[in-house]
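> Mind looking at a prediction? Sequence and model below.
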Amino acid sequence: MVRKINHIAIAVKDVEASAKLFKMLLETDPGHTETLPAERVKVSFFKLGDTKIELVEGIGSENPTAKFIEKRGEGIHHICLEVEDLPAALSRLDAAGFPLIDKVPKTGAGGTRVAFLHPKGCNGVLVELVEQSRKE
Ligand code: CO
């Protein structure tokens with residue numbers, strides 16, 4: 001079951017500079033900037049009520065985020081839906097014909113379990129799923 005929008009992510013060229021901008025916009029401080037080497041990104045989250053905004057900057061050469069920005073410019077990159085049981089959600093979506101980028105969960109920001117669906121199956125929107133147990 002999809003419970004809510006966990007976060008909306010924005011692709012940016014410079015996460016530190018954008019964090020200053022979004023701090024003014026949202027009137028709240030971002031959490032610490034986290035580097036995910038396997039994903040070749042640097043991310044920063046702003047908690048906003050029951051959801052979050054993620055700023056994501058690609059690092060290193062040939063990273064998908066930089067390619068995204070090259071093609072489409074900075075802007076909304078993905079939406080992240082929160083599910084209780086990620087493997088169950090992935091098998092349901094796979095059976096329903098959604099093209100999965102990640103067939104098995106991988107480690108995302110903050111040590112969470114995440115997986116991405118291909119935008120070609122979601123009207124051009126890159127969708128991330130994150131597993132969050134009910135207690136959190
Ligand atoms: Co995300």
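That came in fine, so what should we check first?

> does Lys47 count as helix, strand or coil?
Here Lys47 takes the strand state, with states given by DSSP: H, G, I helix; E, B strand; the rest coil.

> Just to check, it is in contact with Gly31?
Yes - with contacts counted by C-beta atoms under 8 Å, Lys47 reaches Gly31, the gap being 7.1 Å. Yep, even glycine has a C-beta here, placed from its N, CA and C like the rest.

> how about low-confidence regions in this protein?
Low-confidence segments of the chain, defined by pLDDT under 70: 134-136.

> ok, which stretches of it are strands?
For the chain, applying DSSP state E gives strands covering 2-11, 34-36, 41-48, 51-58, 75-83, 106-107, 113-117, 126-131.

> and the shortest one, does that touch the ion?
No - contact of strand 106-107 with the ion is not found when judged by C-beta under 5 Å from the ion; the minimum separation is 12.0 Å.

> Can you list the helices and strands that that strand packs against?
strand 113-117 (3 or more C-beta pairs under 8 Å, 6 or more residues apart in numbering; DSSP states H and E).

> swap in the second one?
For strand 34-36, the elements it packs on are strand 41-48, judged by 3+ C-beta pairs under 8 Å, 6+ apart.

> Tell me the buried residues in the strand it packs on?
For strand 41-48, the neighbour count (16 or more other C-beta atoms under 10 Å) marks 41-46 as buried.

> Columns distance to Ala66 on top of the strands of the chain, output as a markdown table?
Conversion of those to a markdown table gives the following (distance: least, C-beta to C-beta, whole Å):
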| stretch | distance to Ala66 |
| --- | --- |
| strand 2-11 | 9 |
| strand 34-36 | 15 |
| strand 41-48 | 10 |
| strand 51-58 | 4 |
| strand 75-83 | 12 |
| strand 106-107 | 20 |
| strand 113-117 | 17 |
| strand 126-131 | 15 |
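
> Nearest to Ala95, out of those?
Using C-beta to C-beta as the measure, strand 113-117 is the one of the strands of the chain that comes nearest Ala95, at 13.3 Å.

> Any idea how far that closest one is from the middle of the chain?
What separates the centre of strand 113-117 from the centre of its chain is 9 Å, taken as C-alpha atoms, centre = their mean, to the nearest Å.
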